[in-house]
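Participant: kindly return the folded structure for what I paste below:
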Amino acid sequence: MKSRLIALLAASAFALSACSQQSTSAVDQHLSTPGLTYDEAQLAQDLSRAIQIQTISHPERDNTADLALFRDFLAETYPLMHARLDPINLGEGSLFFTWEGSDPALQPIVLLAHQDVVPVEPGTEDQWTHPPFAGTIADGFVWGRGALDMKGHLITLLHAIEQHLRDGTQPARTIYIALGADEEIGGAGARLAAARLADEDIQAWFVLDEGGLVLQEHPLTGQPAAMIAVAEKGYMTVEVTARARGGHSSTPPRDSAVSLLAQAIVAIEANPFEHGLEGGPNTAMLLAIAPQVEGMAGFASARPGLFGGMIVSSMMEEDATRAMLGTSIAPTVIRGGIKDNVLPQEASGLINLRLHPRDTTDSALAHLRASVAHMDGVSIDVWNVASNPPPVADFEGDAWQIIAGSALGYAPEGAPAVPFMVTGATDARAFADVADNLYRFAPVWGTLEDTRRIHGDDERLAIDDLGRMTAFFYTVIEQAAVE
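Facilitator: Numbers count the residues shown, from 1 in each chain. Just a heads-up that it's a prediction; the model follows:
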């Protein structure tokens, strides 16, 4: 917190000491499965094999053969799932399994993972400690592209399901398992799975996907926290087009298409979206971590209703925390012109927006268009697929108690369960209309440095995490779906 904030809080502390809010995300009990055993060495070997199959998603790469190899690997490694849970290929390699429950009156749950990974940037391979697709097991880690995002999640989830099947588990609640093949390039496979539920008029109780982890040193507390994503941003890219007179560059107009485009982008960035604590899980996040935050910063975190303005002012200073407060605006691509002495008649740019739950695709587009309404020759249209932010999941009721309780069962002692919003996009968003709650978590014990490995160099997953993740998924299934 800034010194100005600290001074104001210090002056107010005595009068306001009894005015704290109570966290609504408290967890009744830590949940775990006593006596559960798992072979971490085997888990590591299976993850290594999964990494070696290069299921890379890229618009210009055909990964059909790689996905077929991966399906064969899954069928070999998880034979009970494939024999008993009615596996269906939804198309393009996305898989869907149904584990029928004994009580059709109970809402089902949906467990998600995706098979594909992002490419390794050409020319950066030598920056990796181990080759990115070797699946090297060394120094307590499994190394390679997809270890964190998200073949480690997939392998441990399926191991937990296979273990339940070996144990003779019969769920009361039906469980669907959807393994998308293209999350990294849009998530059409997840949409096919969600459409299957919609076609059968099925409304799930909750969906569990990737997105949260056990942060070993939360930046505000320096202590562990189980960060459970209950929300995520929507996604929209717009194309800004500027049109002006073309011709010879020796007699330019006052505003060329290129300069008009530049002015439009500046105008858009000069008119940011609303930023604040409202409309998402930010207030609940602050309340959850407040007991671990020292001094006046903790005093403020426990009272966001009183000090929200100053908290927002502080959070706006950092890119990561600012992104949690509102819809972000990121110009990413500029196009225009064919020759240095020719005035283009048209120039365009792409701006990527990650939509806060306060906003929708329609309201965001209206906001952007209002920013350039005074500029003749400028238009803004949606480019490619856009999606609204899904609803914020419940962080008070029974579903939260199962997810958060299981998370804390495999987190460091004393770690709080912290609801938060991921600023990226996950396959879970496809299920917004067919599930009551969307959660995103696996108990990877990571640091902020580890999160930077996702889509970056030296992606890796600790072998210890593989055991914790398997146990977590086993417990979630046991708590949510078994009589």
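Participant: skipping its backbone neighbours, what lies nearest the spatially most central residue of the chain in space?
Facilitator: Nearest to the mean C-alpha position of the chain, by Cα atoms, centre = their mean, lies residue 211 at 3.9 Å. Spatially, and ignoring its direct neighbours in sequence, residue 211 is nearest to residue 440 (2.6 Å; Cβ to Cβ, 6 or more residues apart in numbering). Glycine gets a C-beta too; all of them are placed from N, C-alpha and C.
Participant: tell me what the one you found is bridged to.
Facilitator: Going by DSSP bridges, residue 440 is paired in beta bridges with residue 209, residue 229.
Participant: in terms of contact, does the residue nearest to the centre of the chain touch residue 438 like I think?
Facilitator: No. At 9.3 Å, residue 211 and residue 438 do not qualify as touching, with contact defined as Cβ atoms under 8 Å.
Participant: anything in contact with each of the two?
Facilitator: Common contacts of residue 211 and residue 438 (Cβ atoms under 8 Å, 6 or more residues apart in numbering): 232, 428.
Participant: thinking again about what came up before, burial count for the residue nearest to residue 211?
Facilitator: 28 (other Cβ atoms under 10 Å).
Participant: residue 171 now?
Facilitator: Neighbours around residue 171, by other Cβ under 10 Å: 21.
Participant: how close does the nearest residue to it once chain neighbours are set aside get to residue 30?
Facilitator: Once flanking residues are discounted, residue 171 sits nearest to residue 481: 3.8 Å by Cβ to Cβ, 6+ apart. Applying Cβ to Cβ, to the nearest Å, the value for residue 481 to residue 30 is 19 Å.
Participant: what does residue 253 give?
Facilitator: Distance of residue 253 to residue 30, given as Cβ to Cβ: 68 Å.
Participant: which of those two has more neighbours?
Facilitator: residue 30 (16 against 13).
Participant: break the chain into its domains for me.
Facilitator: Structurally, the chain divides into domains by automatic domain parsing as follows: 40-219+392-481, 234-274+326-387.
Participant: and those domains: which comes nearest residue 302?
Facilitator: domain 40-219+392-481 (12.7 Å; Cβ to Cβ).
Participant: ends of the closest one, how far apart?
Facilitator: This stretch, domain 40-219+392-481, spans 25 Å end to end (Cα to Cα, to the nearest Å).
Participant: what do you get for stretch 288-298?
Facilitator: 11 Å.
Participant: what comes up buried for that stretch?
Facilitator: 288, 289, 290, 292, 293, 296, 297, 298 (16 or more other Cβ atoms under 10 Å).
Participant: between those, which sits nearest residue 409?
Facilitator: The closest of the buried residues of stretch 288-298, once distances to residue 409 are taken by Cβ to Cβ, is residue 288, at 17.0 Å.
Participant: name the element the closest residue to the closest one other than its chain neighbours belongs to?
Facilitator: Counting by Cβ to Cβ, 6+ apart, residue 288 lies nearest to residue 418, which is 4.4 Å off, once chain neighbours are set aside. Here residue 418 sits within strand 417-422, counting by DSSP states H and E.
Participant: my guess is residue 300 meets residue 310, correct?
Facilitator: Yes. Assessed by Cβ under 8 Å, residue 300 is found in contact with residue 310 at 6.8 Å.
Participant: who's more crowded, the two?
Facilitator: With neighbours defined as other Cβ under 10 Å, residue 300 and residue 310 compare such that residue 300 has more, 25 against 18.
Participant: report the secondary structure state of that one.
Facilitator: What DSSP: H, G, I helix; E, B strand; the rest coil gives for residue 300 is helix.
Participant: the strands in the stretch 151-300 of the chain, which residues?
Facilitator: Along the stretch 151-300 of the chain, the segments classed as strands by DSSP state E, counting those that start in this stretch run 175-180, 204-209, 213-215, 225-232, 234-243, 247-248.
Participant: so can I have JSON lines of these showing mean neighbour count and distance to residue 341?
Facilitator: As requested, the strands of the stretch 151-300 of the chain are arranged in JSON lines below (neighbours: other Cβ atoms under 10 Å; distance: least, Cβ to Cβ, whole Å):
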{"stretch": "strand 175-180", "mean neighbour count": "25", "distance to residue 341": "49"}
{"stretch": "strand 204-209", "mean neighbour count": "26", "distance to residue 341": "52"}
{"stretch": "strand 213-215", "mean neighbour count": "25", "distance to residue 341": "53"}
{"stretch": "strand 225-232", "mean neighbour count": "27", "distance to residue 341": "47"}
{"stretch": "strand 234-243", "mean neighbour count": "21", "distance to residue 341": "19"}
{"stretch": "strand 247-248", "mean neighbour count": "12", "distance to residue 341": "7"}
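Participant: among these, which is nearest residue 133?
Facilitator: Across the strands of the stretch 151-300 of the chain, residue 133 has its closest neighbour in strand 175-180 (19.7 Å, Cβ to Cβ).
Participant: excluding its own residues, what touches whichever helix or strand residue 367 is part of? List them.
Facilitator: Residue 367 is part of helix 361-371, with elements assigned from DSSP H and E. The set of residues external to helix 361-371 that reach it, using Cβ under 8 Å, 6+ apart, is 234, 236, 238, 267-268, 270-271, 273, 327, 351, 353, 355, 359, 380, 382, 386-388.
Participant: tell me what the next helix or strand after it is packed against?
Facilitator: Helices and strands here follow DSSP H and E; after helix 361-371, the next one along the chain is strand 378-387. Using 3 or more Cβ pairs under 8 Å, 6 or more residues apart in numbering; DSSP states H and E, the elements in contact with strand 378-387 are strand 234-243, helix 257-269, helix 361-371.
Participant: again, only using 6 Å
Facilitator: Strand 378-387 sits against strand 234-243, helix 361-371, with contacts defined as 3 or more Cβ pairs under 6 Å, 6 or more residues apart in numbering; DSSP states H and E.
Participant: tell me the mean pLDDT over the shortest one?
Facilitator: Spelled out, it's strand 234-243. Mean per-residue pLDDT for strand 234-243: 97.
Participant: give me the distance from that strand to the chain's centre.
Facilitator: Centre-to-centre, strand 234-243 and its host chain are 23 Å apart (Cα atoms, centre = their mean, to the nearest Å).
Participant: show me where pLDDT drops low in the stretch 151-300 of the chain?
Facilitator: Filtered on pLDDT under 70, the stretch 151-300 of the chain yields no residues whatsoever.
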